[in-house]
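1. Can you look at this prediction? I've put the sequence above it.
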Amino acid sequence: MTNRRSFIKKIGLGTIAASNVPGFMSADSLLKHNNPESLNFQFERTSRSYNSEYSNEYLSKLAFPIGGIGAGMFCLEGTGAISHLSVNNRPEIYNTPYAFAAISVKGIENGAKVLESTVPTWKLFGPRGSGNGLGNRSYGLPRFEKGSFLARFPFGIISLEDKDIPMDVKITGWSPFIPTDENNSSLPVGVLEYSFKNKSNSVIEAVFSYNTRNFVDEKGSISKQKNGFRMTKSGIGSDNGVGGFAIYLDDDHAVTDHCWFRGGWFDSQTILWDNIRNTKIIENPPIQGVSPGASVYLPIKLNPDEEKIVKVNFCWYLPKSDLSIGQQIVTGPAFTGKATKRPVQNQQTVSGYAGEGLLNSFDPNGDGQIGILVSHGFTISKRYLKFLVGGGNKKDKTSVNLLIDDQIVEIATGNNTEQLTEVIWDLKKYVGKTGRLKIIDLDTSAWGHILADQFVLTDRHDENLSSPSSGAIVLADFENDYSDGWEIIEPEVMGLSNPENSYYRPWYANRFDSLDSVVQYWNENVALLRKNSELFTRSFYESTLPAEVLEAVAANLTILKSPTVLRVFDGRLWAWEGCNDDSGCCHGSCTHVWNYAQAIPHLFPALERTLRETEFKVSQDDKGHQNFRTNIPITPTDHSFHAAADGQLGGIMKVYRDWRISGDTAWMKSLYPYVKKSLDYCIRTWDPKKKGCLEEPHHNTYDIEFWGPDGMCTSFYLGALTAFIEMSKALKEPYKEYQVLLAKGKKYMEDNLFDGEYFIQKIQWEGLEAPNPVNVQSFGGAYSEEAIALLQKEGPKYQYGTGCLSDGILGMWIASVCGLPETVDNNMVTSHLKAVHKYNLKTTLLDHYNPQRPTYACGEDGGLLLCSWPKGGALSLPFVYSNEVWTGIEYQVASHLMLKGEVEKGLEIVRVCRDRYDGSVRNPFNEYECGHWYARAMASYGLLQGLTGIYYDTVEKTLHINSQIGDFTCFISTESGFGTVAYNAGKPNLNVVYGTIEVNRYNISGKEINVS
């Protein structure tokens, strides 16, 4: 049988359209219906150039974030709808409010339209509730026939067309984004500007409206706001009348309906659309109680060629949250008397338990629940007690305990994983005594929960817990509720209280005291903030760099407007790695992930420096151990898990970078003692024999430990040593011993870790100070019998050995973008990068095997694999993400290739990545990894430096340029201002459009030129 896909490709689009093949629509028809799934699998797609308008199928998944840094966001979709509303200090990715703008032109049949283009077909069937018709959506209202979206960050510009509407219609959505001005870029505001231009020969009269339900709280109230309305929460979440969400126009002729028609079924929507299509302007005052929704109307009269812009302002003030990680905060009892029999919201997949139920103290709001659970007394009549345990690994806070005579005689914990593993206690010496089980959850930090199941007394060491033998005694299987026979000790009994300052509060709650003050500030400053945001946009897009690079950089600046990024009450930066659907993903400004993110240090250097201050002064202990995840609110962390080698060593390079960007040597000097302590800890822990390589097991961004020296983390080591030596020289501090280590490390890397083409790992697990891998703490869970057999054959789980790792020389890229020299031989580094391009870049993944997380790239997608084994030696269990594709790694490899002059190879990687994020299947403004808007993707900012070599050193007032593309114009942002650099025929020209940039000399490809 002929393959259907091959058949379609052979006969072509025109043949299909002209044939009588049943069941096929024309390509134009499918395009009109905006159906990317059908297009992708049945027809050739329409074309789109990088950094150009999105239209047709490319509008389908587009959602453009609008909001302030750490202030929450909403997204402007490619059609003009709003979605992803996340203003409650957490992500709410699927929060799509019933809200829309509309225009109704008098005297025209079909003259009433929602100001959006056609609803993407994927929304109509498949999402939750679609089988019941989605009566809570406005999809059934008339819309414009065609639309397109142009991203000019932070501005998103939509053009709408419809044969019935004799106007040019545009929507411009934006919120302030002004490099170096972090406070005005962090406002809880946004605006949608609707532009109408009369293209007919007659006067047009119309009515504009913005209409919405109370999407802040459906049980809250709708109250007055000049030229609009505000939505507030009900009850204790109302912020005592100072909070809420305001929607209002910039025109005093606006009229507000604070309460839609009240009735049953679809009465409110029916009457609302009747009012809109008949150009009625309804005015109703606020009511007591719940309103179905509100509208603000504005009459419009346009002469031929006249244009009118209606600005819909969005301001919010919702400062309360329940976010707290690492604090002793009690949100409720950990043990409720009910077994868990279904997935818990926001919890990773739980496995390894027996039957259908288990004991699970996980708190979906951040592990804030605590408590103690004590069993009834039981006689120890068998030799062994076997059971299953998972969750946290702290003996004193998350554990299962055996009590005899009220004394703890046995303790078991999880291993910071949601997989339950078997525990066997030999109770031979306690036979005949009375025991009790005490299960505790006293931890409110990450992994602050306990999982347990299937407690069985038995004389058989090999007892099968899933099917106990007849002689075994099942003490508890948690298939049913456990309230009888167990004593639940709740938080109140322990005398624990909730400190008021133990929950996250956003920075804007410190800057403003109410929604009124936000609105006032916005009204007074919006014109200037727009002007300054336009300065950024013009400077950035004035660039002559390749279009795919501009698109990749700008698209990922939206991460700064997403819920991935938070600012705490005093203004310091704190961030997730990315966003789960309803919560942050992987807390604490994770140092190894944020290593890659190069945008903030250049655009908002003062914010970036707060991350260094937190890492070294708050999350590092007296021994130099740095917790790679910071608490929220920011407080000292615990130090019960591994430090992250790449995160901690990368932080040392970033202190150097941030010093050179800021020019603040006093700041660097204040951190220097902490940096020294950190580096000494790294040497003592991972290179105790001072070989110049990381030999002992070292945790890293793949959530595992590498055993033995590897190119990736040892290159970080060399970069950190280089940075520390340079800082020591500046402060006239001793550094010779570190210089010796650096020389040793360089030689070791080049002699032992370079296979002639790329850098590898020398797996080592014997002859180390570390104990046997079976007994070492890890996210990977316990070693099964099968895994122990693999250990003897291949070494520890989750290594890469002779593989070609895309991150295999990452530390040298970090060094370069931090303004440091690369220590490792340049030819070897270049060879490694070319090998990564050769072996790991795939233009299609149809035949690629990925048992891990496939949706980042799969099927017809292309992508850069994290690792490959082109010369053999693939491990049975390589590091856990090895078969995946991560955009942040694609960008760092591309940037590094560019720095080495391999521009086309770098651009090819960028193009393959951005082709996945073209809007048809994935959102162009949401590059995801472990969550939406994943921080690592801000490695894309490094592409600017990769192509141009632009790097401004404030300490020496020197602007470095090392062009790989000949003449160019490129955006530049520094500590004190931003603008463009034009490089023509070997001569640089700096044009500063905001602030100042003082340049005393240029360094052009290594040659210094003083500014006259």
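-> That came in fine, so what should we check first?
2. Any regions of this protein where pLDDT drops low?
-> 1-44, 236-241, 328-330, 492-500, 780-781 (pLDDT under 70).
3. and with 50 instead?
-> 1-43, 236-237, 497 (pLDDT under 50).
4. now the farthest one out in it, which residue is it?
-> Going by C-alpha atoms, centre = their mean, the residue of the chain most distant from its centre is Gly432, 54.8 Å out.
5. Which residue, other than its chain neighbours, is closest to that residue?
-> Of all residues not flanking Gly432 in the chain, Ile380 sits nearest, at 6.7 Å (C-beta to C-beta, 6 or more residues apart in numbering). Every C-beta, even on glycine, is put in place using the N, C-alpha and C of the backbone.
6. what's the neighbour count on that neighbour?
-> The number of residues packed near Ile380 is 20, by other C-beta atoms under 10 Å.
7. Quick check: it vs Thr270, distance?
-> Separation of Ile380 from Thr270 (C-beta to C-beta, to the nearest Å) stands at 70 Å.
8. residue contacts, Tyr508?
-> Contacts of Tyr508 were listed using C-beta atoms under 8 Å, 6 or more residues apart in numbering, and they are Gly68, Gly70, Ala71, Ser186, Leu187, Pro188, Tyr317, Pro319, Val518, Arg567.
9. Counting only strands, which of the residues you listed make the cut?
-> Of the positions in the contacts of Tyr508, Gly68, Tyr317, Arg567 sit in strands, assigned by DSSP state E.
10. distance of the closest residue to Pro563 other than its chain neighbours from Ser55?
-> Spatial nearest neighbour of Pro563, chain neighbours left out: Pro91 (4.1 Å); criterion: C-beta to C-beta, 6+ apart. Distance of Pro91 to Ser55, computed by C-beta to C-beta: 28 Å.
11. and what of Asn365?
-> Taking C-beta to C-beta as the measure, Asn365 and Ser55 are separated by 41 Å.
12. Am I right that the residue farthest from the centre of the chain falls within a strand?
-> No - read with DSSP: H, G, I helix; E, B strand; the rest coil, Gly432 is coil and lies in no strand.
13. That one reaches Arg383, doesn't it?
-> No - counting by C-beta atoms under 8 Å, Gly432 stays clear of Arg383, with 11.7 Å between them.
14. The residue nearest the centre of the chain bridge partners, please.
-> Nearest to the mean C-alpha position of the chain, by C-alpha atoms, centre = their mean, lies Gly578 at 1.9 Å. On the basis of DSSP bridges, Gly578 is bridged to Cys585.
15. So it sits against Trp933, correct?
-> Yes - counting by C-beta under 8 Å, Trp933 is a contact partner of Gly578 at 5.9 Å.
16. ok so, going back, ok, so of the ones in strands among the contacts of Tyr508, who is nearest Val912?
-> Proximity of those to Val912 was ranked by C-beta to C-beta; the top entry is Gly68 with 32.6 Å.
17. For burial, what's the neighbour tally of Ile1009?
-> Here the number of neighbours of Ile1009 (other C-beta under 10 Å) works out to 15.
18. my guess is Pro709 meets Tyr748, correct?
-> Yes - using C-beta under 8 Å, Pro709 and Tyr748 qualify as a contacting pair, with a distance of 6.9 Å.
19. hey, what's in contact with both of these two?
-> Common contact partners of Pro709 and Tyr748 (C-beta under 8 Å, 6+ apart): Lys691, Cys693.
20. Quickly note the distance from the residue nearest to Pro188 when sequence neighbours are not counted to Asp953.
-> Leaving aside its sequence neighbours, Pro188 sits nearest to Ala71 (C-beta to C-beta, 6+ apart; 4.0 Å). To Asp953, Ala71 is 32 Å away according to C-beta to C-beta.
21. separation between Leu249 and Ala666?
-> 48 Å.
22. so who does Ile247 touch?
-> Tyr210, Thr212, Gln225, Gly228, Phe229, Arg230, Met231, Val296, Val312, Asn313, Phe314.
23. Turn those into CSV, including distance to Ile1009 and neighbour count.
-> CSV is the format used below for the contacts of Ile247 (distance: C-beta to C-beta, whole Å; neighbours: other C-beta atoms under 10 Å):
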residue, distance to Ile1009, neighbour count
Tyr210, 55, 26
Thr212, 58, 23
Gln225, 57, 24
Gly228, 56, 23
Phe229, 60, 27
Arg230, 57, 27
Met231, 58, 25
Val296, 58, 25
Val312, 50, 22
Asn313, 48, 21
Phe314, 48, 25
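24. Would you format those residues as a markdown table with distance to Gly863 and secondary structure included?
-> Listed next are the contacts of Ile247 as a markdown table, based on distance: C-beta to C-beta, whole Å; DSSP: H, G, I helix; E, B strand; the rest coil:
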| residue | distance to Gly863 | secondary structure |
| --- | --- | --- |
| Tyr210 | 41 | strand |
| Thr212 | 39 | strand |
| Gln225 | 47 | strand |
| Gly228 | 45 | strand |
| Phe229 | 46 | strand |
| Arg230 | 45 | strand |
| Met231 | 42 | strand |
| Val296 | 46 | strand |
| Val312 | 39 | strand |
| Asn313 | 40 | strand |
| Phe314 | 36 | strand |
